[in-house]
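Student: With the input below, show me the fold.
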Amino acid sequence: MAPLEDFEDLFDTAPCGYLSLSADGVIGHANQRIADWIGSTRADLVGCRLQEIMSVPSRIFFETNVAPLLRLQGFVDEVAMDLIGRARTKVPCLVNAAERRDAAGGLLFTRLTVFRATERRRYERALVDAADATERAAAAERETSELREQFIAVLGHDLRNPLASISSGVRLLTERETVTPRGRQILTLMQGSVIRASDLIDNVLDFARGRLGGGIILARDAQFALTPVLEQVVAELASVNPDRMIDARFAVDEPVGCDRVRLGQLLSNLLGNAIAHGAKGEPIIVRAQTRDGVLEIAVANGGKPIAEATMKRLFQPFFRGDGRSHKVGLGLGLHIASEIAKAHGGSLNVNSDVDETRFTFTMPLIESTCRS
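Tutor: Modelled structure (predicted):
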């Protein structure tokens with residue numbers, strides 16, 4: 001037969017602290033476990049008021065919250081308190097308390113079970129600190145991102161004025177001054193740089209506007225033809241890339257309800273991408289047509305096919321793909337083209353194999369509200 005449990009030893013050495021308070025809050029019984037935790041003895045604890053071994057914040061919380069709740073419902077569970085030991089050391093605890101009353105409802109005593117919670121409170125504090133640090137880091141990142149995008153927007157806007165002056169100067173020299181063949185070649189290169197810089201600024205501004213909440217803004221207009229805009233884009237890029245063959249054919253039933261400037265920007269980005277990354281010895285194919293209620297603009301070039309991993313990120317901002325880091329550009333052209341396609345209610349897709357890489361924009365020919 002198992003020996004009878006020694007209840008006095010169980011009370012004294014239980015894995016938790018026990019306290020019993022008289023009706024006036026004086027400690028009448030205490031076990032050795034809680035005495036050891038605070039560096040005291042059972043004899044020293046008996047006769048003390050509970051508040052005397054509490055930290056000041058815990059004492060205030062007990063008197064203003066725990067005691068009234070005890071009177072109201074007769075018990076409280078898992079109350080966080082800090083007990084203070086002889087050496088003024090703080091002992092984090094969780095306390096359960098329950099009252100015993102007589103038949104008339106008078107308070108006889110209050111029993112408290114105390115659990116040491118040092119590790120738990122340290123873990124909770126670490127979680128709070130980690131959450132605070134994460135929030136601070138996220139807030140700092142948001143602030144930095146907003147400042148960066150605002151800076152990009154302002155910088156892009158301010159760059160337009162000197163760029164316009166350069167473009168005007170090049171045009172005046174080309175049209176009104178006598179220029180040597182070598183000088184004309186240099187002016188052509190300068191004009192190409194101006195066009196490219198202007199495209200970069202457009203892309204940067206559109207990206208910044210989108211990140212700051214403005215989105216791609218459309219100005220749909222069905223009164224003017226789209227084809228002349230597309231032809232102008234091809235002519236400009238062909239003039240500054242005379243070594244590249246561009247085969248452009250357009251069969252668009254005019255007018256088209258679209259933002260002609262934005263679709264010109266889309267074509268410029270796609271054609272510029274083909275010039276930068278396509279095989280130099282092969283022609284670049286540009287097609288625009290309307291059929292079956294759909295506008296389709298496609299740009300195709302030969303060369304090495306795009307890797308599958310790269311295809312998945314091709315339309316992400318600032319992404320230029322493997323093996324393309326030496327190319328000039330911010331990696332925004334395809335992203336902006338994709339956003340323009342979405343704003344028109346259309347899509348921009350890419351297919352790439354050993355024969356060609358083809359980007360295709362499709363848009364339903366229906367009047368719809370502009371998306372931004």
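Student: which residues in the stretch 51-200 of the chain form helices?
Tutor: Remark: helices assigned in the stretch 51-200 of the chain by DSSP state H, counting those that start in this stretch are 56-61, 67-73, 118-176, 181-211.
Student: of all the ones you listed, which gets the most neighbours per residue?
Tutor: helix 181-211 (a mean of 17; mean count of other Cβ atoms under 10 Å). Using the backbone N, CA and C atoms, a C-beta is placed for each residue, glycine as well.
Student: now it: mean pLDDT?
Tutor: Per-residue pLDDT over helix 181-211 has a mean of 74.
Student: Could you identify the helix or strand that succeeds it?
Tutor: Once the chain leaves helix 181-211, the next helix or strand it forms, by DSSP states H and E, is helix 227-240.
Student: returning to that earlier point: would you turn the helices of the stretch 51-200 of the chain into JSON lines with distance to residue 219?
Tutor: Output for the helices of the stretch 51-200 of the chain, formatted as JSON lines (distance: least, Cβ to Cβ, whole Å):
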{"stretch": "helix 56-61", "distance to residue 219": "63"}
{"stretch": "helix 67-73", "distance to residue 219": "65"}
{"stretch": "helix 118-176", "distance to residue 219": "18"}
{"stretch": "helix 181-211", "distance to residue 219": "14"}
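Student: Can you check which of those helices gets nearest to residue 26?
Tutor: With Cβ to Cβ as the measure, helix 67-73 is the member of these nearest residue 26 (14.3 Å).
Student: still on that earlier bit, ok, which of the helices of the stretch 51-200 of the chain comes nearest residue 249?
Tutor: Closest among the helices of the stretch 51-200 of the chain, using Cβ to Cβ: helix 181-211, at 22.4 Å.
Student: quick check: angle from the closest one to helix 227-240?
Tutor: Helix 181-211 and helix 227-240 are oriented at 130 degrees to each other (axes from the mean of the first three to the mean of the last three Cα atoms, to 10 degrees).
Student: list the helices and strands helix 181-211 packs on?
Tutor: With contacts taken as 3 or more Cβ pairs under 8 Å, 6 or more residues apart in numbering; DSSP states H and E, helix 181-211 sits against helix 118-176, helix 227-240, helix 260-277, helix 333-343.
Student: quick one: secondary structure of the residue nearest to residue 22 when sequence neighbours are not counted?
Tutor: Ranked by Cβ to Cβ, 6 or more residues apart in numbering and with sequence neighbours excluded, the top spatial neighbour of residue 22 is residue 28, at 5.1 Å. Recorded secondary structure, residue 28: strand (DSSP: H, G, I helix; E, B strand; the rest coil).
Student: want to throw the helices and strands packed on helix 181-211 into a markdown table with mean pLDDT?
Tutor: Shown next, in a markdown table, are the helices and strands packed on helix 181-211 (pLDDT from 0 to 100):
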| stretch | mean pLDDT |
| --- | --- |
| helix 118-176 | 78 |
| helix 227-240 | 88 |
| helix 260-277 | 91 |
| helix 333-343 | 89 |
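Student: Quick one: those helices as CSV, columns for distance to residue 306 too.
Tutor: Shown next, in CSV, are those (distance: least, Cβ to Cβ, whole Å):
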stretch, distance to residue 306
helix 118-176, 27
helix 227-240, 21
helix 260-277, 9
helix 333-343, 11
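Student: Please name whichever of these is nearest to residue 63.
Tutor: helix 118-176 (21.3 Å).
Student: and the angle for the closest one with helix 181-211?
Tutor: Using the same axes, to 10 degrees: helix 118-176 against helix 181-211 is 150 degrees.
Student: Quick check: the most centrally placed residue in the chain vs residue 77, distance?
Tutor: When Cα atoms, centre = their mean is applied to the chain, the residue found nearest the centroid is residue 142 (8.1 Å). From residue 142 over to residue 77 the distance is 40 Å, taken as Cβ to Cβ, to the nearest Å.
Student: Over to residue 312?
Tutor: 53 Å.
Student: Checking residue 305 next. Helix, strand or coil?
Tutor: Using three-state DSSP, the structure places residue 305 in coil.
Student: Find the nearest non-adjacent residue to residue 316, please.
Tutor: Nearest one to residue 316, counting by Cβ to Cβ, 6+ apart, is residue 335 at 6.3 Å.
Student: what's the answer for residue 299, then?
Tutor: In space, residue 299 is closest to residue 270, 4.2 Å off (Cβ to Cβ, 6+ apart).
Student: Over to residue 98?
Tutor: Take residue 98 and drop its neighbours on the chain: the residue closest to it by Cβ to Cβ, 6+ apart is residue 75, 4.3 Å away.
Student: got the contact list for the one you found?
Tutor: Each residue near residue 75 by Cβ atoms under 8 Å, 6 or more residues apart in numbering is listed here: 96-99.
Student: Just name the closest of those to residue 290, please.
Tutor: Using Cβ to Cβ, the contacts of residue 75 come closest to residue 290 at residue 96, 77.5 Å.
Student: how many neighbours does the closest one have?
Tutor: Counted with other Cβ atoms under 10 Å, the neighbours of residue 96 add up to 15.
Student: Equivalent analysis for residue 234, please.
Tutor: There are 21 residues near residue 234, going by other Cβ under 10 Å.
Student: roughly how far apart are the closest residue to it other than its chain neighbours and residue 236?
Tutor: Ranked by Cβ to Cβ, 6+ apart and with sequence neighbours excluded, the top spatial neighbour of residue 234 is residue 248, at 4.6 Å. Relative to residue 236, residue 248 is positioned 12 Å away (Cβ to Cβ).
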